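>>> let me see the structure of the following:
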Amino acid sequence: MRIINLLLLIGCTLSISAQVKTKVILDADTANEVDDPYAIVRAFAVPHWEIQALNATQWQGSQWSTARSMEDGHRLNQVLTAYLKPENTKVLRGGHRRMYDWGDMALHSAAAYNLIKQAHLQKEDKKLTVIALGALTNIASAIFIAPSITSKIKLYWLGTQYDFEKGISTRTDFNPMMDPQAIEMLLATQLEMHIIPVSEVNQMKSNFEETKERLSGIHPLGDYLVQHWYDHDDGGREERVLWDIAIIEAMLHPEWVTEVKVDNFKNKNVFYYKDINKEKFLEDCFKEIIEKLKELAEK
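Down below sits the predicted model:
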């Protein structure tokens, strides 16, 4: 009887353990480029992640920005979650422009305040995982409003360029330029930051015809991703870099990338990814997206 009870207890413990998921917040400029929706679907395909919120951020500083860039991203997030049908994901608006230059610099938004709430809910030895695919407006605004959450968050982000031989960082690429105040503020805190620089990703190209062949006809979401590539403002490209999937793959497959700590910022908790295996990143991304599409088709 004792053995049976012990086995039942072990079984219950394993079952509970298997159900524990990492709470994740995704923050994206979804309507900016084609890569964002692919990265978002890839993130929702991770079985051990619970996407607590999908936030929209702005790219108002871009020369090809739309009049309501954050709102366009928010609407696209709603479309994607309508296909994905996640159970517990909030789809939230973030800041509509970059941070202010002085005074109350924060962009007060549903996304920022939810970040604060979720960070405060973390246990003392845990941190909230935040993945940012665009400008850091929402994350920096949340920390500006509530500095005490700095130690309760670990941030994963695609942005900046980094010369690993010389130890030089430049911040003139798209994501930091969309909110210079946000990145400079975070590099002056002690926020845990894991960054994949665009200089490591710029050859990770995907072909349109191959993508179309892989994703079409499985589920309407796959058809939508293909059509989104075709309909985008620069949709005529036969090849494009799927930038944002790189940070997702680096998190999930540390064996395919090297991560190093860098010490040339005021923030001493900054880690950079380098030497990524671009081929494996792309192959794994599409394989998992296809599996997710098949799962959705069976429901």
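>>> contacts and neighbour counts: CA atoms only from here.
Will do.
>>> and His96, what does it touch?
With contacts taken as Cα atoms under 8 Å, 6 or more residues apart in numbering, His96 has the following neighbours: Thr57, Gln58, Gln60, Arg68, Ser69, Met70, Glu71, Leu107.
>>> from Ala53, how far out is it?
For His96, the distance to Ala53 (Cα to Cα, to the nearest Å) stands at 17 Å.
>>> for Lys117, same thing?
The spacing between Lys117 and Ala53, counted by Cα to Cα, is 12 Å.
>>> neighbour count winner among these two?
A count of neighbours by other Cα atoms under 10 Å puts Ala53 above the other of Lys117 and Ala53, at 21 against 14.
>>> what about the closest residue to that one other than its chain neighbours, how many neighbours?
The shortest distance from Ala53 to any residue other than its chain neighbours is 4.5 Å, reached at Lys90 (Cα to Cα, 6 or more residues apart in numbering). Neighbours of Lys90 under the rule other Cα under 10 Å: 17.
>>> settle this for me: Lys90 is touching Glu50, isn't it.
No - taking contact to mean Cα atoms under 8 Å, the distance of 11.2 Å between Lys90 and Glu50 leaves them out of contact.
>>> list the contacts of stretch 206-216.
Counting by Cα under 8 Å, 6+ apart, stretch 206-216 makes contact with 222-223, 225-226, 229, 237-242, 282, 286, 290, all of which sit outside it.
>>> what do you get for stretch 145-152?
When contacts are taken as Cα under 8 Å, 6+ apart, the neighbours of stretch 145-152 outside the stretch itself are 106, 116, 119-120, 122, 126-128, 143, 189-192.
>>> which ones among those lie within strands?
Secondary structure defined by DSSP state E assigns Leu128, Glu192 of those to strands.
>>> what about the protein, any weak spots by pLDDT?
Across the chain, the ranges flagged by pLDDT under 70 are 1-19, 235.
>>> mind listing the strands for the stretch 101-250 of the chain?
Taking DSSP state E, counting those that start in this stretch, the strands of the stretch 101-250 of the chain run over residues 128-132, 153-158, 161-163, 168-170, 192-196, 205-207, 239-241.
>>> got JSON lines for those strands, with mean neighbour count too?
Conversion of these to JSON lines gives the following (neighbours: other Cα atoms under 10 Å):
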{"stretch": "strand 128-132", "mean neighbour count": "23"}
{"stretch": "strand 153-158", "mean neighbour count": "22"}
{"stretch": "strand 161-163", "mean neighbour count": "18"}
{"stretch": "strand 168-170", "mean neighbour count": "12"}
{"stretch": "strand 192-196", "mean neighbour count": "23"}
{"stretch": "strand 205-207", "mean neighbour count": "15"}
{"stretch": "strand 239-241", "mean neighbour count": "17"}
